[in-house]
Every structure is written in C-alpha cells, then in structure tokens.
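A.B. asks: give me a 3D structure for the following:
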Amino acid sequence: MLILAIQRVQGSGGMDKYFQIASHLFLIVFVAELIFAIFLLIGDIYRLILGIISNFQPEGFNWLVRSTYWVDFALIMFCLTVILFIYGITHGKYAYRVIKHTIYFDDLPESFDGFTLTQISDVHAGSFTNPKAVQKGIDLINAQKSDLFVFTGDLVNNASSEIVPYIGHFSQIKSPFGQFSVLGNHDYGDYVKWPTEVEKIRNLQQLKNYHADLGFKLLLDEHVQINKNGQTIILAGVENWGVGFGERGDLKKALQNTQTNDFKILLSHDPSHWDAQVKQFPSKIQLTLAGHTHGMQFGIEAFGIKWSPVKYRYKHWAGLKSENSRFLNINRGFGFLGFSGRIGIWPEITVIELKRKE
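C.D. replies: Residues are numbered from 1 along each chain as shown. Predicted structure coming up:
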C-alpha cells in the first residue's frame, strides 16, 4: 500500500519535499480513479443483470451502452474523493477531537471516584508544519482540566531534535497530579541509519532528556503511586512492546513491589501488548492506555460504521474495549506520519473519567 511505502521512506531518514508532493498527488489520483472505476463497475454489473433478465428490460434499453447519468455520478464521486483528500491534507490532520469515556470499576478506591485523565499519543513532531495549529491542540488539552495527563509514545519520527521546535508548546501541558509518558517504537531511532551505534544511543538519551524538558515523567519499566486523600492507585509504564515492533518492555519489572489488589493503570504504546500479555497478567491491570495504530489516518467512523484498513493488522484499533473486567483504550494519535493528512480518522485527545460502581 502506498501509504505504508511513504511511511517507510519517511522513516528511513526524512522525506524529500518534492517526493512528498509527488507521492501525495499520485495517491490522490490513484484513489480517486479507483473510486471512479468501482462505481462504473457497479453500473456495468447492474446493466448486465438487466440484459440477462430480459423480462425486466425496459423498452429501448441497450445494456451494452453505459448510462450517461451513471457516468456523471461516478465522475462526481471522483471529484468528491479528490476534495476529501485535499481537506485531509490541509485541515484534517489538525482537526483535533476530544473523545470522552466514563469507565466503571468495582475496585476503584473511593477517593478516585470521578478522577479524570487526558491521554494523547503518537505526536510525531517531525511531521508538523503548522505550529499555530499544534498550539490549538495544546489549548484543547489544557481546556479539559483533567487531574492527570499521560502520553503513550512516539514523540518523534526518528531524531530527538524533531521535538525541539515544539518544546515550548507541549511544556504548557499541566495537570494537578502530574504528566507522565512512555516511549513508542519510533522513539528508538530504529528506522533510520545512524553513523555509529553510539550516535543512536545518544539520540535516545537526548530524547529522554527532552521528555523531562516537557515536564513529562518518563516511565521506563517502572511505576509511580498517585495518592489522593490517603488512597493510592498505581500508574505504570513500559518501554515499547509490540508484535513486529520490538518487544522491549518488561511488565513484571514495571509492577515490581505492587500488590495484586492494587488498582493499576498501564501505559503501553502498542496495543498488541495487551492481547499478548496484559489482559491475562496474574496481577490485574484494570486499565491499559495505548496508541500506535493512528487508525491508519484513513477510514470512516459515522452512521454506525467503524472501518479502517488498519483493522486487517489490528482487530481492535481505536477506542475502548474490555475483556474480563480489564479495559484497553487505543488513542487515534495526536500527529501523523507518512501520509501528511487524516481522512475520517481525526487526531484525538482522549478524556477518561474513572467511576466507582455502587
């Protein structure tokens, strides 16, 4: 798929501006022509069926000749597709949405009844081109006035320097109980060739330092206690663990010295970690927060339809799911990568309210 190819080129050392323009133009025309052809095919099949079922054939109907009305309709769909892609590239990638969830737990400490947290994921700062638009997203995050803020990985595409122009933006994020973060697969610099291994290690260390500059407490296979009115919940974070994307995280280490009956929230970038380890982990983890998928930045979530091509890689790719009283939320991502736009899957700011079951 072309979008994946574009991501691969961008991940291998930055995308040349002219290649980006050419590849996006090709993508727009290719998809629009595909839509045009599909609608023509539908019309051809319909005419063929009418030709076969001669009893229903209208007088003077020639099934070998396409209806000009149907061709016009297919052309309209072609134009709408082009317009949709242009919108996604010019506006959709910064069209931040706040999505709210309320989750009920029977083991939530009473003091945390009504506790709120804001989650964003997949900033990919190296893809940003509009600081003013990014600032609107930051303002929207702060407007939620949540008790806790968490970031679930992929601060950059490859190099730690990508976040530098936006430190002043993301360092504005504040919450009463702190700001916490984890690393994503792109943060390790695995998708670009480094002069030496030392340079790669230095890049990762600098990125960790930038998390501190942002005011984020980076959780590297560790946990912290969030205390309120004498009661506690555990917030844990692991290094990236994902099927096919590096299995670095150590869940046991992150939860070392915690108790089975503690209420736990886990930050883990890749949702495949939840399926592989977290949901059946002996010490119950009530809520896991992930990102990574971006909803592939393309799809439809309307009229009861939820579809994106990423579903063929991840069965659950966005939003909230539960299994055995354990919850997973997958954020659709704050930024974008590869395809410089979003269509139907908009950048997300998640707000989760924790509630105690009566």
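
A.B. asks: would you mind finding the longest helix in the chain?
C.D. replies: In terms of residue count, the longest helix belonging to the chain (DSSP state H) is helix 17-52.

A.B. asks: buried set for that helix?
C.D. replies: Within helix 17-52, the residues scored as buried using 16 or more other Cβ atoms under 10 Å are 20, 23-24, 27-28, 31-32, 35-36, 39-40, 43, 47. Every C-beta, even on glycine, is put in place using the N, C-alpha and C of the backbone.

A.B. asks: what helices or strands is that helix leaning on?
C.D. replies: Judged by 3 or more Cβ pairs under 8 Å, 6 or more residues apart in numbering; DSSP states H and E, helix 17-52 is in contact with helix 2-11, helix 68-90.

A.B. asks: before we move on, back to that, let me know the closest of the buried residues of helix 17-52 to F128.
C.D. replies: Q20 (13.8 Å; Cβ to Cβ).

A.B. asks: output stretch 257-276 as PDB, nothing but the C-alphas.
C.D. replies: Taking Å, rounded to 0.1, in the frame of the first residue of the first chain, the C-alpha atoms of stretch 257-276 are listed here in PDB:
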ATOM      1  CA  ASN A 257       6.600  -4.400  44.600                       C
ATOM      2  CA  THR A 258       3.000  -3.700  43.700                       C
ATOM      3  CA  GLN A 259       0.100  -5.800  45.100                       C
ATOM      4  CA  THR A 260      -2.400  -7.900  43.300                       C
ATOM      5  CA  ASN A 261      -5.300  -5.900  44.700                       C
ATOM      6  CA  ASP A 262      -3.800  -2.500  43.800                       C
ATOM      7  CA  PHE A 263      -5.700  -0.500  41.200                       C
ATOM      8  CA  LYS A 264      -3.400  -0.200  38.200                       C
ATOM      9  CA  ILE A 265      -3.300   1.900  35.100                       C
ATOM     10  CA  LEU A 266      -0.700   0.900  32.500                       C
ATOM     11  CA  LEU A 267       0.900   3.000  29.700                       C
ATOM     12  CA  SER A 268       2.000   0.700  26.800                       C
ATOM     13  CA  HIS A 269       2.400   2.200  23.300                       C
ATOM     14  CA  ASP A 270       1.500  -0.800  21.200                       C
ATOM     15  CA  PRO A 271      -2.000  -2.400  21.800                       C
ATOM     16  CA  SER A 272      -0.700  -5.900  20.800                       C
ATOM     17  CA  HIS A 273       1.000  -5.900  24.200                       C
ATOM     18  CA  TRP A 274      -2.500  -6.000  25.800                       C
ATOM     19  CA  ASP A 275      -3.500  -9.100  23.800                       C
ATOM     20  CA  ALA A 276      -0.200 -10.800  24.300                       C
END
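
A.B. asks: can you count the residues close to E197?
C.D. replies: 8 (other Cβ atoms under 10 Å).

A.B. asks: what about the helices in this protein?
C.D. replies: 2-11, 17-52, 68-90, 131-143, 167-170, 197-214, 251-254, 272-276.

A.B. asks: just put the ones you listed in a markdown table and tack on mean pLDDT and distance to E239.
C.D. replies: Listed next are those as a markdown table, based on pLDDT from 0 to 100; distance: least, Cβ to Cβ, whole Å:
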| stretch | mean pLDDT | distance to E239 |
| --- | --- | --- |
| helix 2-11 | 45 | 19 |
| helix 17-52 | 74 | 31 |
| helix 68-90 | 85 | 32 |
| helix 131-143 | 98 | 24 |
| helix 167-170 | 98 | 20 |
| helix 197-214 | 98 | 11 |
| helix 251-254 | 98 | 9 |
| helix 272-276 | 97 | 10 |
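
A.B. asks: many thanks, I have nothing further to ask.
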